[in-house]
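> Give the three-dimensional model of this entry:
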Amino acid sequence: MPPSGTDSDDVDVGELQRLREQLQRAEARVRELTDQSRSVTADGSSLNVDAMLDALPAMLWFKDTNNRLLHVNRAAAALEGVEPQQINGRSSWDLYPRDEAQTYFEDDLEVIASRQPRLGIIEQHTSIATGQHLWLEVSKVPVFAPDGSVVGIIAMGIDITEKHSLEQNLQNSLKLESLGVLAGGIAHDFNNLLTGIFGYVDVARLSPDCGPRAHKALEHALSAFGRARDLTRQLLTFSRGGAPCLATVDLVDLLRATVGFALSGSNVDAAVHLPSGLWTCQADSGQLSQALDNMLINARQAMPEGGHLDIRAENVPVGGALPSLLVQRDYVRITLTDTGHGIAGDVLPRVFDPFFTTKPQGNGLGLAMTWSIMQRHGGHVEVESVLGEGTTFRLWLPASRQRLSDVVPGIPSSFVAEGRVLVMDDESLIRDLAAYMLRDLGYEVDTVPDGASAIVRYRAVLEAGERYHWVLLDLTVPGGLGGRDTLDRLRELDPEVRAIASSGYSEDPIMASPTDYGFVAGIAKPYLLPDIEGLLARLTATELEPEREASQPQN
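Residues are numbered from 1 along each chain as shown. Next up is the predicted model:
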């Protein structure tokens, strides 16, 4: 610990004299080393050691045994954002946070006690002027007096903040990849179960035989559906099957809606700054809303007594300042700054780690999921925080100059379900449920457990002079023919086959862009009756649109 202050009556004169002599020896030794270096000549000219030290890109600190800085070079001062004379003669206790100064002091004491250099010390460092958190690699060597005693420390450091950031991102990627393997392994079966359980609950709720009391109980049961589906989607975000379904997204509308929902009923005052002309993005609006929602909830929880949250978005054109991990292109940067309690320096590097949380009821997935979503979108997220002052998150999204696509229409009031549907799924629970739902809508339904059976059934129907209006294909069939391969074979039988991809999980990016693989659409498990009804209604309306246009009278 640093020397503590004392009253004048309690001063130990002998100890004070000893400290003065120790300081004088350290200063004399530094002057001696400097004078000796200046006396060295090259081609008859004296070398200016101060200029040489200032020319070095590495930071140099000359310190006495009490952690007092006797001399720093220009690189060390530049790191702090101040002039050398503002540092020289001051203690680390005067310049840096107490815990940080204590760490420096303990490292110095180890060098002094061992009389040996310490190389490659990794330190988190707080810049004096800016408060920016940096990472330094520091080596320290003892300075000896003529009598052999250690009178000080010479420390040399390099800024490895960018390297440390790259390593942290790599570690996060590896952790998320491991989590993705776990998530992918359980998500398919779990989503099948959710589809069956909640699907039948929904069917029972909508049944005309359901009485008011049973209807209310089933409504309560269904209230858990959204939470269960969101949890699996959070896990799937980390898996290879969590590829975003990209579409042109208006960030202005998305930000306003997400902020309004996440902060509704809270005591947090929010200011949203959205300039006119903000670029759109090619993004998965659901995943992006989820990422932003996680950030907003995190900020809200950081200000339990209330506070202010500043949210702003801005265009960053090609050539603008970017994090080192991003390629040069147009981006939209979203910045969220709260006035909460901030994040401790030892916690800050771990905020994006899966399952890491400092909250009693947290699951440690929120910020990790935000990081994963940004990576999948070709973007980035970074964080800065000062304990006791607040936290700033910055999200970078690749920008798009495209105009917004037309809004997907709702269920047409004139929709009539008719025709025959083939359902292929390896789970009997899902086959039976889908058949129940589709028959309830008015379709004729056949079900099969795998792709081979689907091909046989489809061929038989064609040979009978009939055809299926829709084919619902499960993408993942363990040990059997999956949806993608089945569709390829069906198209050989019928190039006009209209197939819908269905999955709770798949390593294929089919669910992100089903039309790229020959499907007319996709429906993610778990789903309810309104989900499949709405999908088929929209597909039917799209199918009938050319007929309506052809029937219009020509001028």
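
> Could you pull up phi and psi at Asp269?
Backbone geometry at Asp269, expressed as degrees, to the nearest 10, gives phi -90, psi 130.

> sorry, that was for Arg312
Dihedral angles (degrees, to the nearest 10) for Arg312: phi -140, psi 150.

> isn't it right next to Val259, touching?
No - using CB atoms under 8 Å, Arg312 is not in contact with Val259; the gap is 11.4 Å. Just so you know, the C-beta spots here come from the backbone N, C-alpha and C atoms, and that holds for glycine as well.

> between these two, which one's more packed in?
Taking neighbours as other CB atoms under 10 Å, Arg312 and Val259 compare with Val259 leading, 19 against 15.

> helix, strand or coil for that one?
helix (DSSP: H, G, I helix; E, B strand; the rest coil).

> wait, it sits on Asp269?
No - Val259 is not in contact with Asp269 according to CB under 8 Å; the separation is 11.7 Å.

> buried ones in whatever helix or strand Leu462 lives in?
In this assignment (DSSP states H and E), Leu462 forms part of helix 451-463. Within helix 451-463, the residues that qualify as buried are 451-455, 457-458, 461, counting by 16 or more other CB atoms under 10 Å.

> returning to that earlier point: shared neighbours, Arg312 and Val259?
The contact sets of Arg312 and Val259 overlap at Val272 (CB atoms under 8 Å, 6 or more residues apart in numbering).

> For the spatially most central residue of the chain, give me phi and psi.
Centroid-nearest residue in the chain: Trp371, 1.1 Å away (criterion: CA atoms, centre = their mean). Backbone dihedrals for Trp371, given as degrees, to the nearest 10, come out at phi -60, psi -40.

> pLDDT score for it?
With respect to pLDDT, Trp371 has a value of 85.

> same deal with Gly44?
Per-residue confidence (pLDDT) for Gly44: 45.

> before we move on, what about the one 3 residues further on?
In this prediction, Leu47 carries a pLDDT score of 48.

> same question, the one 4 residues further on
Ala51 is assigned a pLDDT of 64 by the prediction.

> Val497 too?
Reported pLDDT for Val497: 95.

> Find the helix or strand that it is a member of.
Using DSSP H and E, Val497 is not contained in any helix or strand.

> Tell me which residues touch the residue lying closest to it once chain neighbours are set aside, please.
Among residues not flanking Val497 along the chain, Leu490 sits closest, at 4.8 Å (CB to CB, 6 or more residues apart in numbering). Contact analysis of Leu490 by CB under 8 Å, 6+ apart lists 454-455, 458, 471, 497, 499.

> can I get these in JSON lines with distance to Leu194?
Formatted as JSON lines, the contacts of Leu490 follow (distance: CB to CB, whole Å):
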{"residue": "Ala454", "distance to Leu194": "24"}
{"residue": "Ile455", "distance to Leu194": "29"}
{"residue": "Tyr458", "distance to Leu194": "28"}
{"residue": "Val471", "distance to Leu194": "23"}
{"residue": "Val497", "distance to Leu194": "28"}
{"residue": "Ala499", "distance to Leu194": "23"}
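
> which one of these is nearest Glu123?
Ala499 (58.7 Å; CB to CB).

> for that closest one, which residues make a bridge with it?
Residues in a beta bridge with Ala499, per DSSP bridges, are Val471.

> OK, contacts around it?
Ala499 neighbours (CB under 8 Å, 6+ apart): 470-473, 483, 487, 490, 518-520.

> Save these as a markdown table, and put in pLDDT and distance to Val327 too.
Output for the contacts of Ala499, formatted as a markdown table (pLDDT from 0 to 100; distance: CB to CB, whole Å):
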| residue | pLDDT | distance to Val327 |
| --- | --- | --- |
| Trp470 | 95 | 41 |
| Val471 | 97 | 40 |
| Leu472 | 96 | 39 |
| Leu473 | 96 | 36 |
| Gly483 | 92 | 34 |
| Leu487 | 96 | 35 |
| Leu490 | 96 | 40 |
| Gly518 | 93 | 31 |
| Phe519 | 95 | 31 |
| Val520 | 94 | 34 |
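
> So which of those belong to helices?
When the contacts of Ala499 are checked against helices (DSSP state H), the matches are 483, 487, 490.

> what's the neighbour count on the residue nearest to the first one when sequence neighbours are not counted?
Read it as Gly483. Excluding its sequence neighbours, the residue lying closest to Gly483 (CB to CB, 6+ apart) is Leu473, at 3.6 Å. Neighbour count of Leu473, defined by other CB under 10 Å: 29.

> close enough to count as contact, Leu473 and Ser503?
No - between Leu473 and Ser503 there is no contact under CB under 8 Å: 9.2 Å.

> so what's in contact with the two at the same time?
By CB under 8 Å, 6+ apart, the residues touching both Leu473 and Ser503 are Gly483.
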